[in-house]
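Colleague: Structure here, sequence nowhere to be found:
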């Protein structure tokens, strides 16, 4: 059994045996904070041992320097800190060195302290008071051919080296080494987007927790027609997340579509507070963070009118078209295809089938809007320059986010927008939803 999964399982068992039950959103286990830290730290070591060497060798880099300062951390650095480090300490410099492409990758912390168990401190200020000078000593001793730094004009998540720190680092290096600096974009994005099996074993549970919170939020347990407002549901979600000792990475949004009222796309995400009424089609956009992994999900519910036992057939048909569009999109995922290629191909197929669709899918993982290829944006349906040119890689996760519009006969042909988003994983040429997807409308009875 893999080490981190063993820790996860034993941790869940230990709280049960101790009489202190782990919190739960139905079937999704939520561990106490101490056990969460053990899982995160074990995953971190596994990733450093496996993902970093893979990336450095794929991209021909023999040294990677990741650095940031307290409260101004590089996004990559934040994900490499142990669970008990909530920020960097002063200036924290991590050095990876791959001496020959075959041995273990050396990991050093040019910092006053070792960074957890993964990076041993390689700086003693009593011997060398200047931190930059100590870094230069380490670099010169290893004489790397290519020194990667997290600099990227395209991806914010790969552009974490601040201007001042770049200038100080470059000035400290001898001239012969300055010319060896290369952008570390591919390493940074690869580190953030690539998932390991141990994470994926648990990701389904994280997505399940999110799904179960949403199912409750979109039911009569939370929504009382004529009384409950869209903002009430938003804040109920925030409170529920806190009750479970989880965090949200964005404030939930709740919107309404109803007969005889047209809505602009942006209004559905930024509209004013409204009271939810019978006959409303309600949309929820929701995400949580747990064990450093994020979810991002959009689901919909219909509030039954008196005498109704199910949503109008036209709404159900529109929802089925939304599922069809999900299939059209995910069937076009392929390794090394760019996000823009997938977008253009999917929209062309949708048009051929008579589906009026928009696609705005993004990677997910350490960040909600994660590292990797953009597959459309709501206002860029012809392709996304830069981010959309980035290719799809194996073992990466995505929020399959899109919408369709379709007429509803029962609403006198009024068009409704079905907005869906579900988290999925791409591996070996296949896309699978991490914890399934919504296949029919929720109902408020």
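Modeller: Arrived safely, thanks for sending. On a predicted model such as this, the values are computed, not experimentally measured, just so you know.
Colleague: Mind jotting down where the helices sit in the stretch 251-400 of the chain?
Modeller: With DSSP state H, counting those that start in this stretch as the criterion, the stretch 251-400 of the chain has helices at 267-270, 313-330, 339-352.
Colleague: Pull the residues that contact the longest one.
Modeller: Counting by CB atoms under 8 Å, 6 or more residues apart in numbering, helix 313-330 makes contact with 281, 300, 302, 310, 342, 346, 349-350, 353, 355, 357, 359, 361, 375, 400, 402-404, 406-411, 416, 418-420, 422, 424, 431, 437, 439-441, all of which sit outside it. From N, CA and C alone the C-beta is placed, and that goes for glycine too.
Colleague: What angle do helix 339-352 and that helix make with each other?
Modeller: 140 degrees (axes from the mean of the first three to the mean of the last three CA atoms, to 10 degrees).
Colleague: can you pull the buried residues of helix 313-330?
Modeller: 314, 315, 318, 319, 321, 322, 323, 325, 326, 328, 329, 330 (16 or more other CB atoms under 10 Å).
Colleague: The last one too?
Modeller: Judged by neighbour count (16+ other CB under 10 Å), helix 339-352 contains these buried residues: 339, 340, 341, 342, 343, 344, 345, 346, 347, 349, 350.
Colleague: of those, closest to residue 46?
Modeller: residue 339 (27.8 Å; CB to CB).
Colleague: Please look at that closest one and residue 387 and confirm they touch.
Modeller: Yes - counting by CB atoms under 8 Å, residue 339 does reach residue 387; the two are 7.0 Å apart.
Colleague: Return every residue with contacts to both of the two.
Modeller: Joint contacts of residue 339 and residue 387 (CB under 8 Å, 6+ apart) are 373, 374.
Colleague: Mind naming the longest helix for the chain?
Modeller: helix 33-58 (DSSP state H).
Colleague: For that helix, name the packing helices and strands.
Modeller: helix 3-17, helix 185-193, helix 197-217 (3 or more CB pairs under 8 Å, 6 or more residues apart in numbering; DSSP states H and E).
Colleague: centre of the chain versus that helix, how much separation?
Modeller: 17 Å (CA atoms, centre = their mean, to the nearest Å).
Colleague: ok so, going back, which stretch in the helices and strands packed on helix 33-58 has the least confidence?
Modeller: Across these, helix 3-17 has the smallest mean pLDDT, namely a mean of 40.
Colleague: Look up how far residue 419 lies from residue 317.
Modeller: Distance of residue 317 to residue 419, given as CB to CB, to the nearest Å: 16 Å.
Colleague: Of the contacts of helix 313-330, select the buried ones using a PyMOL command.
Modeller: Once 16+ other CB under 10 Å is used to decide burial, the buried members of those can be selected in PyMOL as follows:
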select buried, resi 281+300+302+342+346+349+350+355+357+359+361+375+400+402+403+404+406+408+411+416+418+419+420+422+424+431+437+441
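Colleague: Give the residue spans of the stretch 1-150 of the chain that score low on pLDDT.
Modeller: Across the stretch 1-150 of the chain, residues meeting the criterion (pLDDT under 70) sit at 1-28.
Colleague: Can you show me the strands along it?
Modeller: 23-25, 28-30, 63-69, 91-97, 106-110, 120-121, 147-149 (DSSP state E, counting those that start in this stretch).
Colleague: For those strands, give me CSV that also has distance to residue 286 and mean neighbour count.
Modeller: Shown next, in CSV, are those (distance: least, CB to CB, whole Å; neighbours: other CB atoms under 10 Å):
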stretch, distance to residue 286, mean neighbour count
strand 23-25, 12, 17
strand 28-30, 14, 21
strand 63-69, 30, 24
strand 91-97, 33, 23
strand 106-110, 37, 20
strand 120-121, 41, 12
strand 147-149, 36, 24
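Colleague: Nearest to residue 371, out of these?
Modeller: Going by CB to CB, the one of the strands of the stretch 1-150 of the chain nearest residue 371 is strand 63-69, 14.1 Å.
Colleague: now residue 255, which residues is it bridged with?
Modeller: residue 283 (DSSP bridges).
Colleague: Contacts made by stretch 301-308 with the rest, please.
Modeller: 218-219, 223, 225, 276-282, 284, 310-311, 315, 441-445.
Colleague: Filter these down to the buried ones and hand me the PyMOL line.
Modeller: Of the contacts of stretch 301-308, the buried ones go into a single PyMOL selection, burial set by 16+ other CB under 10 Å:
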select buried, resi 218+223+225+276+279+280+281+282+284+311+315+441+442+443+444
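Colleague: what about stretch 260-276, start to end distance?
Modeller: 15 Å (CA to CA, to the nearest Å).
Colleague: when you give positions from now on, start the count at 705
Modeller: Sure thing, new numbering starts at 705, so read that last one as stretch 964-980.
Colleague: can you tell me the average pLDDT over it?
Modeller: 74.
Colleague: thinking again about what came up before, how about the helices of the stretch 955-1104 of the chain in TSV, adding distance to residue 808?
Modeller: Putting these into TSV (distance: least, CB to CB, whole Å) gives the following:
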stretch	distance to residue 808
helix 971-974	47
helix 1017-1034	37
helix 1043-1056	34
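Colleague: right, and the ones you listed - which one's nearest residue 1073?
Modeller: Ranking those by proximity to residue 1073 (CB to CB) places helix 1043-1056 first, at 13.2 Å.
Colleague: now the closest one: how far from the chain's centre is it?
Modeller: 23 Å.
Colleague: what does stretch 1122-1139 give?
Modeller: Centroid displacement of stretch 1122-1139 relative to its chain, using CA atoms, centre = their mean, is 13 Å.
Colleague: do stretch 1058-1074 as well
Modeller: 11 Å.
Colleague: Can you point out the buried residues in it?
Modeller: So for stretch 1058-1074, counting by 16+ other CB under 10 Å, buried means 1059, 1061-1074.
Colleague: what's the answer for stretch 923-937, then?
Modeller: For stretch 923-937, by 16+ other CB under 10 Å, it's 926, 927, 929, 932, 933, 934, 936, 937.
Colleague: ditto for stretch 828-840
Modeller: Here stretch 828-840 shows 835, 836, 838, 839, 840 as buried, counting by 16+ other CB under 10 Å.
Colleague: give me every residue that touches the first one.
Modeller: I take that to be residue 835. Neighbour list for residue 835: 795, 797, 814, 815, 827, 829 [criterion: CB under 8 Å, 6+ apart].
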